[in-house]
Structures are given as C-alpha cells and as structure tokens.
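Give me a 3D structure for the following:
(one chain, ligands or ions: 2)
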Amino acid sequence: MTRPHGYARYRLDGCRCYTCGWAVAQYNDAREHAMRRGTWQPYVDAEPVRVHVRNLQDCDMGLRTIAARAGVDRKRLQAVLNGRPERGTPPQQQMRPALAAAVLAIEPTLENLAPNTPISPLGTRRRAHALIAVGWPRQHLAAHLGMTHSNFNAMLASPHVLARRALAVRAMYDALWRADPAQHGASARGIRDARARAAAEGWAPPGAWDDDTIDDPEAFPDWTGQCGTVEGFWAHRYITAPACQPCRDAFNANGRARKAAAQEGTTQ
Ligand SMILES: [Zn+2]
Ligand SMILES: [Zn+2]
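Ligands and ions are numbered 1, 2, ... in the order given. From the prediction side, this is the model:
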C-alpha cells in the first residue's frame, strides 16, 4: 500500500519529503485564502472546494462522509464537483460561501477517516510505548483494546495501522496515561518488566510528549523539559535517562563551537 507523494501521503503516512511538504504548503495557502475570501462575498470560486474534496478523497474519505461532515446533501456536493450531466450543466463556477466554508473546514482526522484506512503507525507506537514506559504491561493494553497479545505486538511492528486502531489506542492513552497500573490489576513484576523493557528500548514516557505534537513525525520527546539544548544534555543525568539525540546534537555543536573559539584564541 503506497500513496503517491502529496497531500494524502503527508497527512496519513507522515511523509515529510520535499514534494509532500511543497504540496501541502501550496495547498494550505490556497485553502486559507479561499476561506478568508468567503467571509465577505455573496458567491465564491468553487475550484478551491473541488481541490479540497479531491484531497479528502485521496485520503480515502468517501463523498458521502464528506457531505455528511459538511452538513450538506450529497447531490449538492456532486453538482459542485461534476455539474449535472443529466441536465447538461457543467461543474459550478461559483458557490455560496457558507457551503464552501463548511467543506473547506473538513480535515482528514482520525475521526473522519474510514475505519479501515491504513495510516502511519507513528502516533500509535509512541502512545503504546509511553504507556509501557510508565509500567503498563502489554497484556493489559492488548486486553484493554480487545486484542490478543500477539495481534497487539503485530500492530506495533506493522508499517501501517488502521485508522480505527489508531483511534482506539489514542482513546486508551487518554484514559490511562495518568492512571496507576497497580490499581488496575497489574502485578508488581509486570510493572517492573514493562518499565525495564521501555528503558532498554529508550521509549519516552507520556510526560515527554505533547498531545499536539505526538503524531508529528518531526517532533521528538522532551524528556527533560529542555531537550535539544546543552542544559537538556546535563539534565538527562538527573533523570538517569541516556541523553536523547537532539540533546547530544546540541552538546556536540556546543563542543565544536568552544573548540573553534579556543583555536581562534591560540592563533591570535
Ligand atoms: Zn513525500
Ligand atoms: Zn534530551
């Protein structure tokens, strides 16, 4: 299952290549422009809406779902997209701004995707790993999701997860990240093993993640509250977690800068 580079690949597979980034940036500009224009004109250009619907369709959203989310009749949306061939009318040039705004506001979020749409497993893995890091045994998480232990492991190892699974894991994470596994029947040994495994794998706990960025492929866990800085590098020692890559990078860059400054000093 491979989507071509572009909007859907960026949104659903987390691709951050140049082509995807460019497509989304261009697209966001046009969409924001269209949304702004809609606030004061009696009719607006229908083309940005068609582009948006095509992008949503690329994300495997059906026209029925798109129409339902926009609160509009599917036939009306079809007239915008394709015109009415049976009456010989072409696709609409213009449309009412309220309808345009309603359609443009729809995003291919987890809730809006068809349940079996395959998407990037990144956010799902980070959430499951974060729960394991604070002591949730895998068996408990699998049971919470109504999955077998082996299906749960297979899901975390797979290059894609289904949207409905990602949604279920997100709900589980929201429910459990602050809860105490011991009060939910996890044994002391199960908790210890889960934590040890996460420590060995370098999995970040919920405290290192931000709800807004946990699905972002470019986000990194902030273990120390100042990760990505030299202070962060030293702070890792206090929490006895090995320094993360952004902290090591900051530390090394700082070392190089100091060495360069020292060399300049000796040559003067
Ligand atoms: Zn790409
Ligand atoms: Zn760090």
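
Name the residues of the stretch 151-268 of the chain found near ligand 2, please.
Applying CB under 5 Å from the ion, we find that the stretch 151-268 of the chain lies next to ligand 2 at 223, 227, 232, 244, 247. Just so you know, the C-beta spots here come from the backbone N, C-alpha and C atoms, and that holds for glycine as well.

and which of these is nearest Glu32?
Distance to Glu32 across those (CB to CB) is lowest for Cys227, with 31.5 Å.

isn't Val51 right next to Asp29, touching?
No. Under the criterion of CB atoms under 8 Å, Val51 is not in contact with Asp29, lying 11.8 Å apart.

buried ones in the helix or strand hosting Phe233?
With secondary structure defined by DSSP states H and E, Phe233 is part of helix 230-238. When neighbours are counted by 16 or more other CB atoms under 10 Å, the buried residues of helix 230-238 are found to be 232-233, 235-236.

What is the nearest of these to ligand 2?
Each of these was checked against ligand 2 using CB to the ion; the closest is Gly232, at 4.3 Å.

Val51 and Asp29: who's more crowded?
The residue with more neighbours, out of Val51 and Asp29, is Val51; 16 against 10, by other CB atoms under 10 Å.

burial count for Arg54?
13.

Equivalent analysis for Ala179, please.
Neighbour count for Ala179, taken as other CB under 10 Å: 12.

Dump stretch 226-234 to PDB, keeping only the CA atoms.
As requested, the backbone C-alpha atoms of stretch 226-234 are provided in PDB (Å, rounded to 0.1, in the frame of the first residue of the first chain):
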ATOM      1  CA  GLN A 226      14.800  21.400  27.900                       C
ATOM      2  CA  CYS A 227      15.700  18.700  25.300                       C
ATOM      3  CA  GLY A 228      17.600  20.000  22.300                       C
ATOM      4  CA  THR A 229      19.800  22.200  24.500                       C
ATOM      5  CA  VAL A 230      23.100  21.800  26.300                       C
ATOM      6  CA  GLU A 231      21.200  22.200  29.600                       C
ATOM      7  CA  GLY A 232      19.000  19.300  28.500                       C
ATOM      8  CA  PHE A 233      22.100  17.200  27.900                       C
ATOM      9  CA  TRP A 234      23.100  17.500  31.500                       C
END
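
just for the protein, where's the confidence low?
Judged by pLDDT under 70, the chain has its weakly predicted residues at 1, 38-40, 265-268.

Provide the secondary structure category for the residue sitting nearest the centre point of it.
The residue lying closest to the centre of the chain (CA atoms, centre = their mean) is Asp215, at 3.0 Å. State at Asp215, reduced to three classes by DSSP: H, G, I helix; E, B strand; the rest coil: coil.

what sits against it?
With contact taken as CB atoms under 8 Å, 6 or more residues apart in numbering, Asp215 is in contact with 14, 122-123, 126.

Grab the two from these that are most spread out in space.
Of all pairs drawn from these, the one with the largest separation by CB to CB is Gly14 and Arg126; the distance is 11.4 Å.

which of those two has more neighbours?
Shown here are Gly14 and Arg126; by other CB under 10 Å, Arg126 has more neighbours (21 against 17).

List of residues touching stretch 58-77?
Taking contacts as CB under 8 Å, 6+ apart, the residues outside stretch 58-77 that touch it are 3, 6-8, 11-12, 53, 56-57, 78, 81, 99, 102-103, 105-106, 108, 112-114, 117.

let's go with 6 Å and repeat that
Around stretch 58-77, the neighbours that count as contacts under CB atoms under 6 Å, 6 or more residues apart in numbering are 8, 12, 56, 99, 102-103, 106, 108, 114, 117.

With stretch 198-213 instead?
The set of residues external to stretch 198-213 that reach it, using CB under 6 Å, 6+ apart, is 129-130, 132-134, 177, 219, 221-223.
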